[in-house]
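[1] have a look at this prediction, sequence included:
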Amino acid sequence: DGGITQSPKYLFRKEGQNVTLSCEQNLNHDAMYWYRQDPGQGLRLIYYSQIVNDFQKGDIAEGYSVSREKKESFPLTVTSAQKNPTAFYLCASSPTGTSNQPQHFGDGTRLSIL
Amino acid sequence: QKEVEQNSGPLSVPEGAIASLNCTYSDRGSQSFFWYRQYSGKSPELIMFIYSNGDKEDGRFTAQLNKASQYVSLLIRDSQPSDSATYLCAVNMKNYGQNFVFGPGTRLSVLP
């Protein structure tokens, strides 16, 4: 089945540790996105990529890093510089990066501080 | 300025009634509008999208767009308890690199 796979479902981070969230899609979509959702709030854009080997910062990129070495994969690293990482992280993709394309989401990763 | 506003709710309606969810946006240049449903603890799923002024119907759902008033709404007819969820409005923002800006969502509760 075509879709977006995020792993792990739950992740715990120790202080000072970097952790990486995986996002893989087999939809042949060009564009991929990372969002953060805090309780009772909407989604905020962390990073996005419209093509392999290129990505752009969103609203809240500080303390995060990404790579886009393959079309199918867009991993997100939460670095130790992100002081409040506890949130629900959502990866999305769309066929292209144009505005009329809906984004489809993976199941998300919940990150908590140990 | 990029802003998408929704009433946070909760909006409570009886089973079988029409639920009306509203969304306003600040960027007059926005072209594309999306409604997502998010069950508690789950990821958002796309319900509908609309690009042109007027109504667009899909089953029990109708999206309504008024670009002059910068207003988009979602009507759910014959509401069911399974429709109880948070509904997110997403708008592409021309002055935000054409990326989506999500509203905070409206929590809908359909009472049996």
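    Nice, I can see it. Residues are numbered from 1 along each chain as shown, chains lettered A, B, ... in the order given.

[2] what's near enough to touch the residue nearest to the spatial centre of chain A?
    Nearest to the mean C-alpha position of chain A, by CA atoms, centre = their mean, lies A:Trp34 at 2.9 Å. Residues in contact with A:Trp34, defined by CB atoms under 8 Å, 6 or more residues apart in numbering or on different chains, are A:23, A:45-48, A:58, A:64, A:66, A:74, A:76, A:89-92. Placement of C-beta: from N, CA and C, glycine included.

[3] that one sits in which helix or strand?
    Assigned by DSSP states H and E, A:Trp34 belongs to strand A:31-37.

[4] quick one: distance of that strand to the chain centre.
    Counting by CA atoms, centre = their mean, to the nearest Å, strand A:31-37 is centred 4 Å from the centre of its parent chain.

[5] for it, which strands pair with it and how are they oriented?
    Next to strand A:31-37 in the sheet, as set by DSSP bridges, lie strand A:43-51 (antiparallel), strand A:87-94 (antiparallel).

[6] C-terminal to the longest one, what's the next element?
    Going back to what we said before, that points to strand A:43-51. Proceeding N to C from strand A:43-51, the next assigned helix or strand is strand A:54-57, under DSSP H and E.

[7] so what does the helix or strand just after that following strand touch, helix or strand wise?
    Using DSSP H and E, the helix or strand that follows strand A:54-57 in sequence is strand A:64-66. If contacts are counted by 3 or more CB pairs under 8 Å, 6 or more residues apart in numbering or on different chains; DSSP states H and E, strand A:64-66 sits against strand A:43-51, strand A:76-78.

[8] among those, which is the most enclosed?
    strand A:43-51 (a mean of 21; mean count of other CB atoms under 10 Å in any protein chain shown).

[9] mind telling me what element residue 110 is part of?
    In the absence of a named chain, this looks at chain A. Element membership for A:Arg110 (DSSP H and E) is strand A:109-113.

[10] nope, chain B
    With elements taken from DSSP H and E, the one containing B:Val110 is strand B:106-111.

[11] that strand and chain A, are they touching?
    No - for strand B:106-111, no contact with chain A is found by CB under 8 Å from any CB of the partner chain; the gap never falls below 8.9 Å.

[12] list the buried ones in that strand?
    Of all the residues in strand B:106-111, those buried under the rule 16 or more other CB atoms under 10 Å in any protein chain shown are B:Thr106, B:Arg107, B:Leu108, B:Val110.

[13] list the contacts for A:Ser67?
    Contact analysis of A:Ser67 by CB under 8 Å, 6+ apart lists A:Phe55, A:Phe74, A:Pro75.

[14] from these, which would you call buried?
    Among those, the ones that count as buried by 16+ other CB under 10 Å are A:Phe55, A:Phe74, A:Pro75.

[15] format those residues as TSV; extra columns: pLDDT.
    TSV is the format used below for the buried ones among the contacts of A:Ser67 (pLDDT from 0 to 100):
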residue	pLDDT
A:Phe55	95
A:Phe74	98
A:Pro75	98
